[in-house]
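> no sequence for this one, just the structure:
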């Protein structure tokens, strides 16, 4: 049912493209959305969009092919996601919450940022960038969320660089073309430089470098997944495991490490 509805959505978008192409000869921007991540394509006509013989994939242009069951939408308008932008700048940090985000509060103490979301129905995107050698990011919540690493260099000498205290699905986007570096302090009691209470799903073509100076580099209490779009992850060092996951649900089906592609 999901695949059928997505195929219908793609077909409707192509029909719309026919109408636009009939009115203008200029290229049209087509946004293919997968969660909080989207690709932009310039298309001239429906000849640029083809479906596989089995109807399970769609190709746009000469290079990009998508599984229909992974596409959320195909639109002509740039998506406007409910998002929170966090930027580190040395000894300080700034937080910008978009107007369509409700129920999120935050505090900033120098370059230590703590956010708390009270939503139980809306997924938000937390986009993190900038640099600090004495900073940290803590996100508290009870509903699934997505963290986008968009060019972040963050060291917390006293604990984890990023600590996501949410037991739900945690999307982690390595923004295409960015390099992100995380490290924690030595001799602490925390479990990892990049810690999530829930189950992180990594995607996006950027690079992530992580060093675990107390215990693990990347630690997830539940399952951990690298989707096929995931770029490069470098574990530069770890006292214990480079990647540690599933400990919170040892006897559960969600205790797994999954790599796609």
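Received the coordinates, thanks. Here the structure is a predicted model, which is why all the values come from computation and not from measurement.

> OK, contacts around the residue most central in space within the chain?
The centroid of the chain falls nearest to residue 173 when counting by Cα atoms, centre = their mean (2.5 Å). Listed by Cβ atoms under 8 Å, 6 or more residues apart in numbering, the contact set of residue 173 reads 35, 36, 37, 146, 147, 148, 149, 203, 204, 206. The C-beta positions use only the backbone N, C-alpha and C, and glycine is treated the same way.

> quick one, phi psi at it?
Main-chain dihedrals, residue 173, degrees, to the nearest 10: phi -100, psi 120.

> what do you get for residue 69?
Dihedral angles (degrees, to the nearest 10) for residue 69: phi -80, psi 0.

> And for residue 230?
phi -60, psi 130.

> how about it, what does it touch?
174, 202, 203, 204, 205, 261.

> okay, the closest residue to the first one other than its chain neighbours: pLDDT?
Same thing as residue 174. With sequence-adjacent residues excluded and distances taken as Cβ to Cβ, 6 or more residues apart in numbering, residue 174 is closest to residue 206, at 3.4 Å. Looking at residue 206, its pLDDT stands at 97.

> thought residue 206 was touching residue 152?
No: if you go by Cβ atoms under 8 Å, residue 206 and residue 152 don't touch, sitting 9.8 Å apart.

> These two: who's more crowded?
Set residue 206 next to residue 152 and count neighbours by other Cβ atoms under 10 Å: residue 152 wins out with 28 against 22.

> Give the bridge partners for the closest residue to residue 243 other than its chain neighbours, please.
Nearest non-adjacent residue to residue 243, counting by Cβ to Cβ, 6+ apart: residue 218, 4.9 Å away. Beta-bridge partners of residue 218, counted by DSSP bridges, are residue 194, residue 243.

> how close does residue 218 get to residue 162?
From residue 218 across to residue 162, the span is 10 Å (Cβ to Cβ, to the nearest Å).

> Identify the contacts common to those two.
Common contact partners of residue 218 and residue 162 (Cβ under 8 Å, 6+ apart): 193, 194.

> buried ones in stretch 121-133?
Using 16 or more other Cβ atoms under 10 Å as the burial criterion, the residues of stretch 121-133 that qualify are 123, 124, 125, 126, 127, 128, 129, 130, 131, 132.

> Likewise for stretch 89-109?
93, 95, 97, 101, 104, 106.

> Okay, helices next: where are they in the stretch 151-261 of the chain?
Along the stretch 151-261 of the chain, counting by DSSP state H, counting those that start in this stretch, no stretch forms helices.

> Can you list the neighbours in contact with whichever strand or helix holds residue 33?
For residue 33, the host element (DSSP states H and E) is strand 28-34. Under the criterion Cβ under 8 Å, 6+ apart, residues 13, 17, 20-21, 38-44, 60, 64, 66, 70-79, 203 lie in contact with strand 28-34.

> and the longest strand that the chain contains, which strands flank it?
For the chain, the strand with the greatest residue count under DSSP state E is strand 145-156. Using DSSP bridges, the strands paired with strand 145-156 are strand 125-132 (parallel), strand 169-174 (parallel), strand 179-184 (parallel).
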